[in-house]
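Participant: sharing a model prediction with you, sequence too.
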Number of protein chains: 2
Amino acid sequence: MEMPKPNPKILARKAEFLAQLANILPPDAIISDPFETRAYECDALTAYKCPPLAAVLPSSTAEVADVLRLCHRMGVPVVPRGAGTSLAGGALPTADSVILGVARMNEVLETDYDNRFVRVQTGRTNLSVTRAVEEHGFFYAPDPSSQLACAIAGNIAMNSGGAHCLKYGVTTNNLMGVTMVLMDGTVAELGGAHLDAGGLDLLGVVCGSEGQLGVVTEATLRILHKPEGARPVLIGFDSNEVAGHCVSDIIKAGVLPVAIEFMDRPCIRATEAFAGAGYPDCEALLIVEVEGSEDEIDVQLGKISEIARTHNPVELRQSNSADESARIWLGRKSAFGAMGQINDYMCLDGTIPVSQLPYVLRRIGEMSAEFGLGVGNVFHAGDGNMHPLILFDANKPGDLEKCEAFGAEILKLCVEVGGCLTGEHGVGVEKRDLMSHQYAPEDLDIQMAIKDVFDPKWLLNPAKVFPLAASEPRRIAAE
Amino acid sequence: MEMPKPNPKILARKAEFLAQLANILPPDAIISDPFETRAYECDALTAYKCPPLAAVLPSSTAEVADVLRLCHRMGVPVVPRGAGTSLAGGALPTADSVILGVARMNEVLETDYDNRFVRVQTGRTNLSVTRAVEEHGFFYAPDPSSQLACAIAGNIAMNSGGAHCLKYGVTTNNLMGVTMVLMDGTVAELGGAHLDAGGLDLLGVVCGSEGQLGVVTEATLRILHKPEGARPVLIGFDSNEVAGHCVSDIIKAGVLPVAIEFMDRPCIRATEAFAGAGYPDCEALLIVEVEGSEDEIDVQLGKISEIARTHNPVELRQSNSADESARIWLGRKSAFGAMGQINDYMCLDGTIPVSQLPYVLRRIGEMSAEFGLGVGNVFHAGDGNMHPLILFDANKPGDLEKCEAFGAEILKLCVEVGGCLTGEHGVGVEKRDLMSHQYAPEDLDIQMAIKDVFDPKWLLNPAKVFPLAASEPRRIAAE
């Protein structure tokens, strides 16, 4: 992955920059010792690493504004960081940038059950938002796999989804307003605890903007009343293709499960060996979960089972208790860990029209043979959000490059069938150079012109999202 | 309403402009006769009128691009127009502008039931989208009151909602992609038949942008499977305040009706006199509709009735048949017509946090006395989208101005309690000068800078959305 060369002028002024930082932040909020900055050298895309110039951990919106104002004045690039769980390298530093971590800003600022929202500082983890409101019977819907660790800041940056977004939508559907600090230190309020926006909907473009436009420090989040209950059905098939058709049929029939999860044989086997969830040894497995009262659940699971039976499943196991539900989910929830036990893997993220599932799975299988690298599929099938896990050996020279090339082909395939090269992980550095497969030069130009509006000096989250060649003229003009 | 003076240079070149138009459009697609252009002098906000320089009715995206390219070259402002049903003056022309109507572009381009979308030209009316897919059991969810007439183009421009958006969301939640022609004739594709966007989510900012950024000619719309059935319950109260509390309690309890409609006494009386729906003569009336199987409907209506009973309703009438449902909806659906029979009225549109309903209704009542103008309230209470109808006499000098002043106070009140000055009608000319009550100068500046990116010459839909004084420096710089 090509990264721009660090700016020697900034490196030369490091001492001056740190002295200025010391004027606006307490000592324990500044990390500049080269040994300690190593903790920020990468995020969950560990294939790429680079220690930053420094890292700062402000405690308030005002401190964030002070830091950005200083960096703006001195021309120091800023890499915003939530919990560092990005799988696309969204928080990868450059050697001349400062990591701005929001981890210390994790307070609940306001809960309002009448109007069903909670306002939090964005360093708060996803799951702890639900923890803060669950005793009143509410929850925050988006549930990325990393929800125990990942921060709301990162969820907003990447427009994160999760297993349950089929019913509840992704972050953008559950985000009502933000406080965002612009690169020059201006504090902007977008949206709020109400429907719609007057004029242009900037909140919509901020959500999913991967730290390119500003640093989001506070967020107003929609909370929902917990359903009475939820239960899944597990359905096994002897072919990925048939499982894909079953997903289409469930969606088409108008049943609205909260989740339709898909695992293929490599994942099923790894998961069974790891977690022993009692999954059948078959080609493809669906976990379909519905919510409501016990009666509603029975009716819906009945309909889903009826549809599944027309596809001759090799297994159909409807949960009738909390214990059975937990057993069914156990395997799915440990799938990533299980795959990690047997191999290094790269987790991809792309979306496709649901009807293309069978074709895309078949093509991935063919490519796997061509590249000589195994691949496991475990993903949110209901909304066509795929997560192929490409297996490789990090210690084998050339394997990572082969894996990247294979991954790029899969994402191009997603675009080709009418999908998108990202679902919920974002573009980051990982897919930066694939953006030109998704977008025409004019489309990329408009996106970059909007970045210009918010960050005219191009200091925020450098070398992400836009292909380096495409953004070069604007970056040079900004200097 | 102050409008900018027409540019004499454009008026002087009218003949040349029409000659150029004749090179790119067939004769019947160009309307320039001053008698005929009168048909385009206003939209549904009939208080403001101005015939355009000309109107054009292209039949394809290519023709739209040709027209825009010509206007861009000659500096002629363009006012995009769907069906002309805007209540905010979103399609009000200026004397030097050309109306670009998409009414002839009303084809269904693609239906895909597997992936649940329909792709249409944006001149198609809202209701006829549902008509095109209903025989397969699908529907398009956003349902503005004007759905028989209003075009998808206008729905996208204003991010329209409707009675059922409590459950299904507004246009932005049901829009998957658009083809948009920029002012310089560039054709851009945003979004598509898949989840999420790579890079910046431009679709989000285009939806609700009121024709400021480009002309949307094609749209990919999410279609949903029709629910098995739906039935409402009608609940009458002796106080607006108590009705407001009942709405809060229903929302808070986690029941998710598809619609919660609210009418106050002036509306109830006018409606009864007009339609004879058998409504009780009380202070406030709620119509709460739920969907599902017959059993699910019974369970949900039971819960809602239980909540309502704790507020001592004066009437509680649960529909048990299609006939009873139609009777309950009859009054609500004729409310606007009924009010129009007895008075001229101005229909406002603002959103507030649901818990503020009782306070805001009381304040509107007090202001009604202060201004000496009657007001009726009929609106989507579930999501806090208010539609006060201010009654006035169009033939009485000064009454319109008084009505406008009253309306402005109501919208400022919406902002004050944490809401927004628009819900689904947009800003248009109507609320242009109120935008500075909602937004700080920095916030407006960012919005206008984004307009600069898409429309650097400021030719699209002039004098709308942004306060004239705020936009003047940019408009002058653009000349």
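Facilitator: That came through fine. Numbers count the residues shown, from 1 in each chain, chains lettered A, B, ... in the order given.

Participant: please parse chain A into its domains.
Facilitator: For chain A, automatic domain parsing gives the domain ranges A:8-101, A:108-225, A:229-336, A:343-416, A:432-478.

Participant: possible to save those as a markdown table with mean neighbour count and distance to residue B:150?
Facilitator: Glycine gets a C-beta too; all of them are placed from N, C-alpha and C. Output for the domains of chain A, formatted as a markdown table (neighbours: other C-beta atoms under 10 Å in any protein chain shown; distance: least, C-beta to C-beta, whole Å):
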| stretch | mean neighbour count | distance to residue B:150 |
| --- | --- | --- |
| domain A:8-101 | 19 | 40 |
| domain A:108-225 | 23 | 17 |
| domain A:229-336 | 20 | 26 |
| domain A:343-416 | 20 | 28 |
| domain A:432-478 | 19 | 28 |
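
Participant: okay, those domains in CSV with distance to chain B next?
Facilitator: Converted to CSV, those look like this (distance: least, C-beta to the nearest C-beta, whole Å):
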stretch, distance to chain B
domain A:8-101, 11
domain A:108-225, 2
domain A:229-336, 2
domain A:343-416, 4
domain A:432-478, 4
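
Participant: and the ones you listed as JSON lines, adding mean pLDDT and distance to residue B:168?
Facilitator: JSON lines is the format used below for these (pLDDT from 0 to 100; distance: least, C-beta to C-beta, whole Å):
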{"stretch": "domain A:8-101", "mean pLDDT": "96", "distance to residue B:168": "31"}
{"stretch": "domain A:108-225", "mean pLDDT": "92", "distance to residue B:168": "11"}
{"stretch": "domain A:229-336", "mean pLDDT": "92", "distance to residue B:168": "11"}
{"stretch": "domain A:343-416", "mean pLDDT": "92", "distance to residue B:168": "16"}
{"stretch": "domain A:432-478", "mean pLDDT": "93", "distance to residue B:168": "28"}
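
Participant: turn these into TSV, including distance to residue B:274.
Facilitator: Shown next, in TSV, are those (distance: least, C-beta to C-beta, whole Å):
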stretch	distance to residue B:274
domain A:8-101	53
domain A:108-225	29
domain A:229-336	36
domain A:343-416	45
domain A:432-478	48
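
Participant: for the ones you listed, which one sits closest to residue B:414?
Facilitator: Nearest of the domains of chain A to residue B:414, taken as C-beta to C-beta: domain A:108-225 at 8.1 Å.

Participant: where does the nearest residue to residue A:386 once chain neighbours are set aside sit: helix, strand or coil?
Facilitator: Distance criterion C-beta to C-beta, 6 or more residues apart in numbering or on different chains; nearest residue to residue A:386, sequence neighbours excluded, is residue A:379 at 4.7 Å. Applying DSSP: H, G, I helix; E, B strand; the rest coil to residue A:379 yields a three-state assignment of strand.

Participant: and the most centrally placed residue in chain A, how far from chain B?
Facilitator: Geometric centre of chain A, nearest residue: residue A:425, 3.1 Å, by C-alpha atoms, centre = their mean. Separation of residue A:425 from chain B (C-beta to the nearest C-beta, to the nearest Å): 10 Å.

Participant: might one say that that residue is in contact with residue A:158?
Facilitator: Yes - using C-beta atoms under 8 Å, residue A:425 is in contact with residue A:158, at 6.1 Å.

Participant: now do the shared contacts for the two.
Facilitator: By C-beta atoms under 8 Å, 6 or more residues apart in numbering or on different chains, residue A:425 and residue A:158 have these common neighbours: A:86, A:88.

Participant: tell me the contacts of residue A:164?
Facilitator: A:141-143, A:258-259.

Participant: just residue A:278 next, same as before
Facilitator: Here residue A:278 is in contact with A:272, A:327, A:331 (C-beta under 8 Å, 6+ apart).

Participant: what's the answer for residue A:400, then?
Facilitator: Contacts of residue A:400 by C-beta under 8 Å, 6+ apart are A:47, A:392, A:394.

Participant: what do you get for residue A:3?
Facilitator: Neighbour list for residue A:3: A:50, A:94, A:429, A:463 [criterion: C-beta under 8 Å, 6+ apart].

Participant: so residue A:105, which state does it fall into?
Facilitator: coil.

Participant: list the helices and strands the helix or strand hosting residue A:268 packs on?
Facilitator: Under the criterion of DSSP states H and E, residue A:268 resides in helix A:265-275. Packing partners of helix A:265-275 (3 or more C-beta pairs under 8 Å, 6 or more residues apart in numbering or on different chains; DSSP states H and E): helix A:322-333, helix A:335-342, strand A:375-380.

Participant: and the ones you listed: which comes nearest residue A:38?
Facilitator: Taking the helices and strands packed on helix A:265-275 one by one with C-beta to C-beta, helix A:335-342 is closest: 22.1 Å.

Participant: now the angle from the closest one to helix A:322-333?
Facilitator: Per axes from the mean of the first three to the mean of the last three C-alpha atoms, to 10 degrees, the angle that helix A:335-342 makes with helix A:322-333 is 50 degrees.

Participant: my read is that residue A:88 contacts residue A:158, right?
Facilitator: Yes - using C-beta under 8 Å, residue A:88 is in contact with residue A:158, at 7.5 Å.
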